[in-house]
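J.: have a look at this fold, sequence not included:
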Ligand SMILES: Cc1ncc(C[n+]2csc(CCO)c2C)c(N)n1
C-alpha cells in the first residue's frame with residue numbers, strides 16, 4: 001500500500017511512453033506536422049472538450065465532500081466559461097469557423113475516448129473518474145515538458161505549433177497539473193493492491209485511447 005501517481009505510469013510504462021512520445025507530438029515539436037492533421041485534431045478536440053465538461057459535471061455528482069464538489073464545479077466553469085471560448089478562437093486562427101465546429105461529425109476515436117471516461121465515472125467512484133481523466137490532465141503537461149527537453153524541438157516563430165506547446169508549459173497549466181497530481185497521490189496513498197490493479201486497468205485504457213486520438217489526427221480518420 002501507499003501508492004502514488006508514478007506507480008500508475010510505471011505499471012503502464014510502454015503505453016504511457018507511446019502516448020507522450022507519439023509521432024503527432026514529435027511532429028508538433030519539430031513543427032513539421034501536416035496542417036490538415038492539426039486542423040482535424042483541433043476540430044475533434046472541440047467535441048472532446050464538450051464531453052470533458054460533462055465529465056466534470058459527473059465529478060460534481062459523484063462528490064462526497066464539499067471540497068470535491070467545489071473542485072469539480074471550478075473545472076466545469078473553467079472549461080465552459082474560458083477554455084471552450086479560447087479553443088474556438090484558436091480554431092478561427094487555423095481557418096475553422098464556429099459554424100463548422102457546430103456541425104462536425106464525431107470521429108470514432110473521440111466517441112470511444114469520451115464515452116469511456118463517462119462510463120468509467122458512472123460505474124465507479126470519483127477516484128475511478130479522476131484516474132480516467134489523468135492521462136488528459138497530466139499527460140499534456142508532461143508532453144510539453146518532454147518536448148522542451150528534446151533537441152529536435154523548435155521553439156518560437158519558426159514553429160507554427162509553438163503556441164500549443166506554450167499553452168501546456170504555462171505556469172497556470174502546470175499548477176493545475178500539480179494540483180491534480182497531489183489530489184491523486186492523496187487518494188492513492190490508501191488503496192489496496194487489488195484496488196490499485198483496477199485503477200491501473202482504467203489508466204491503461206485511457207492512455208491507449210489518448211494514443212488513438214493522436215493517431216486519428218495523423219490519419220484524419222472519422
Ligand atoms: C484528446 C485530448 N486530451 C487531453 C487534452 C488536454 N486537456 C483537455 S481539457 C484539459 C483540462 C482542462 O483544462 C486538458 C489538459 C486535450 N485538449 N485533448
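T.: Arrived safely, thanks for sending. Keep in mind that what you see is a predicted model, and the values were worked out from it rather than measured.

J.: what residue lies at the spatial centre of this protein?
T.: Nearest residue to the geometric centre of the chain (CA atoms, centre = their mean): residue 136, 1.9 Å.

J.: I'd assumed residue 44 was in contact with residue 87.
T.: No. If you go by CB atoms under 8 Å, residue 87 and residue 44 don't touch, sitting 11.4 Å apart. Yep, even glycine has a C-beta here, placed from its N, CA and C like the rest.

J.: residue 100 and residue 43, how far apart?
T.: 7 Å (CB to CB, to the nearest Å).

J.: so residue 7 sits right up against residue 199, yeah?
T.: No. Using CB under 8 Å as the test, residue 7 is too far from residue 199 to be in contact (9.4 Å).

J.: now do the shared contacts for these two.
T.: residue 188 (CB atoms under 8 Å, 6 or more residues apart in numbering).

J.: please say which of the two ends up with more neighbours.
T.: Higher neighbour count among residue 7 and residue 199: residue 199, with 24 against 16, using other CB atoms under 10 Å.

J.: comparing residue 87 and residue 44, which residue is more hemmed in?
T.: residue 44 (25 against 19).

J.: between residue 100 and residue 43, which one's more packed in?
T.: The residue with more neighbours, out of residue 100 and residue 43, is residue 43; 22 against 14, by other CB under 10 Å.

J.: in what helix or strand does that one lie?
T.: helix 35-61 (DSSP states H and E).

J.: ok, then the element right after that helix?
T.: Defined by DSSP H and E, the subsequent element after helix 35-61 is helix 66-77.

J.: now for that following helix, which elements pack on it?
T.: helix 35-61 (3 or more CB pairs under 8 Å, 6 or more residues apart in numbering; DSSP states H and E).

J.: what's the distance between residue 167 and the ligand?
T.: 9 Å (CB to the nearest ligand atom, to the nearest Å).

J.: check which helix or strand covers that residue.
T.: helix 162-169.

J.: identify all contacting residues around that helix.
T.: By CB under 8 Å, 6+ apart, helix 162-169 touches 28-29, 31, 90, 140-141, 143-145, 147-148, 153-156, 159, 173.

J.: now stretch 9-29
T.: 33-34, 37-38, 41, 135, 139, 142-143, 146-147, 150, 152-154, 159, 161, 164-165, 200, 203-204, 207-208, 210-211, 214-215, 217-218.

J.: how about it against the ligand, any contact?
T.: No. Counting by CB under 6 Å from any ligand atom, no contacts exist between stretch 9-29 and the ligand, the nearest distance being 9.6 Å.

J.: buried residues in that stretch?
T.: 9, 11-12, 15-16, 18-20, 22, 24-29 (16 or more other CB atoms under 10 Å).

J.: these in helices, which ones?
T.: 9, 11, 15-16, 18-20, 24-29 (DSSP state H).

J.: pull the most distant pair out of these.
T.: Pairwise distances across those peak at 28.2 Å for 11 and 27 (criterion: CB to CB).
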